[in-house]
Structure formats: C-alpha cells, structure tokens
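Enquirer: sequence plus predicted model, see below.
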Amino acid sequence: MEVVRPAYLPDPALDAAAMEAMQRDIAADATFADDHGLAPDAIRVDDRIEAGESVEPAQATLDGDGPVVAGVDQAFREDEAVSVAVALRGGRVIERAVGRAPLEIPYVPGLLAFREGSAIVDALESLSVGPDLLVLDGSGRIHYREAGIATHVGVLFDAPTVGVAKNLLCGTPVADVEGRYLDAGERVGIEANEEVETCPAGTTIGHFYQSRQYDHPERRHVNPLVVSPGHRVATGTATDLVAATCAGYKLPEPTRLADAAVGDVTGE
DNA sequence: GCGACAG
DNA sequence: ATCTTGTCGC
C-alpha cells in the first residue's frame, strides 16, 4: 500500500497542539459514508474456524476472487513498536507484513496514532495487496476530534477502515450497557456528546457490538466490542462489516490473527 | 480543582 | 499495551 497523504504522517516530534490540529484536518478529510464497494455478505470467514478446528496458516495465494480484509495489531518491546498486518481473502491468510518504529512518546488518550502510527505505516507500506477493508485496533470516529487511529490510517492511505476497540474512549451509549447482558449480535448506538468537539451532540459515531456471548447471563458475560467507522465507511456498515468478519470469537478474525502474529514476532 | 481517558 | 499461573465455570 502507498501513503497518499504524507502531510498526515504521524510525526511523534510534534507538540500536542500540532497533533490535535492535524487530527481536525484529518477529520475534515475523512468520509463517514460508504465508499468501498464491499458487501458484508461477500466477506466470508474460514468455515474450519467456525467449526472450532485448529487451522494452519495457509500458503500465500495472491490470486482469487472476493474481497480482501486485513487486520492490523501492535505489540511493544523495550522501546520499539511492532505492527503486523494480516490480509485475508475468504477467511484464509494470503499475506502478512511486519513494520517497526521506535517508541518516542508515551500513550496519551486521544493521541494514540502518534505513538503507534509509524509502525503501522511501515507494515502497510510493505503489504503488496491493497485490502478492500482495514480493521484497526482502537477507535475511528469515536474520538474527541473524530480522528482516532482507524480514521488517521484510513485517510493516510485513502483506504476503507474501521476501528475495533475493547473499551469506549468517549461518547454516550444510547442505552445503559453497564453490567447488562447483551445477546450475541446485539448492538447499541454510541452518540457524540460534549467530549466530541467536531460534530453535533447526538450524532451516532459508533456502536457497542456483542460479537460473542455466554449462554448464561447469571455469572459470566463477555464485554461488547466498540466499533466505529474509520474512513469511507458509514457507522452502521462498519458494524455490519465487523460482524461479518467474526467467526465465533469475541475479536474479528483479521484482528485475532494479527494479534497472534504480532505475538510471536514480539515473543520468541 | 475533579473526573474521564483507545492502546 | 505490559508484568504473569493457575483456575473457576460452562
């Protein structure tokens, strides 16, 4: 893949005010409407995984039909960030790419892309396929300036992206989910509030999505995913697409596989 | 000043 | 995110 908006490369040397200013520009350039030619129905997961079988990584097959979805995830060592992108077609791995970058700034809520972004760019630049959709770890439009890491990366490459987070950064759920049991498949809208300074309060900027749930509400329950559009995807579609990439686990397959891959790149 | 806060 | 083993429950 190729960066098409180099002005938005996440330079960790910028001061916070400059980072925030860049995010406002990115949000203005982002498209929170469908512009991707992807149909959730066209996305397939590996049926062997859905059946609970263990699957060996498939050999690279760059040819074929059907949309390509890539998951991206990061892990950290001493003072470097490692990012891995895993591209899937029909639920099978067709390519993996690794990227690295020194860790130069601490984690600051709202400025995540400036800490991890360089490693992600490094990984995606070495990816030979241009995925029809990128699934990033973290928020997209659910962000103080509607420019979370999924939106930032999407605009950098002008690629359709969605963000999948495990926790809510900002915004207000339209229904109380606190300790409430959501059935698998349920979604609850997340609306912008005063924390989101770039759009009117009440705008739907994402969803809680219950990708997986236990059968008995009494004791244990799974926390829902936090899904939001990154770039070139509408809010409802973002959740539809993420739902289509899930295969019985809490995390979407692209994310799970990127997670595992970055794990053993970082590990042994 | 206090609270909230992706990874 | 990361430091880290076993363990309770379905």
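Expert: Here it is on my side, so go on. These numbers were taken from a predicted model, which means no experiment stands behind them.

Enquirer: surely A:Ala244 is in a helix?
Expert: Yes. Checked against DSSP: H, G, I helix; E, B strand; the rest coil, A:Ala244 lies within a helix.

Enquirer: contact partners for it?
Expert: A:Pro40, A:Asp41, A:Ile43, A:Val45 (C-beta atoms under 8 Å, 6 or more residues apart in numbering). All C-beta spots, glycine's among them, are computed from the backbone N, C-alpha and C.

Enquirer: what about the helix or strand that contains A:Thr151 and DNA strand B, touching?
Expert: A:Thr151 belongs to helix A:149-157 when assigned by DSSP states H and E. Yes. Counting by C-beta under 7 Å from any atom of the strand, DNA strand B has neighbours in helix A:149-157: A:Ile149, A:Ala150.

Enquirer: mind saving the C-alpha coords of that helix as CSV?
Expert: Only the C-alpha atoms of helix A:149-157 are listed here, as CSV (Å, rounded to 0.1, in the frame of the first residue of the first chain):
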residue,chain,number,x,y,z
ILE,A,149,-6.2,5.8,14.8
ALA,A,150,-8.5,4.0,12.3
THR,A,151,-9.5,7.3,10.7
HIS,A,152,-6.0,8.5,10.7
VAL,A,153,-4.7,5.4,8.9
GLY,A,154,-7.6,5.4,6.6
VAL,A,155,-7.0,8.9,5.4
LEU,A,156,-3.3,8.4,5.2
PHE,A,157,-3.8,5.6,2.7
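
Enquirer: who does that helix touch, helix- and strand-wise?
Expert: Secondary-structure packing of helix A:149-157 (3 or more C-beta pairs under 8 Å, 6 or more residues apart in numbering; DSSP states H and E): helix A:16-29, helix A:112-125, strand A:133-137, strand A:161-165, strand A:225-231.

Enquirer: how far off centre is stretch A:160-180?
Expert: 13 Å (C-alpha atoms, centre = their mean, to the nearest Å).
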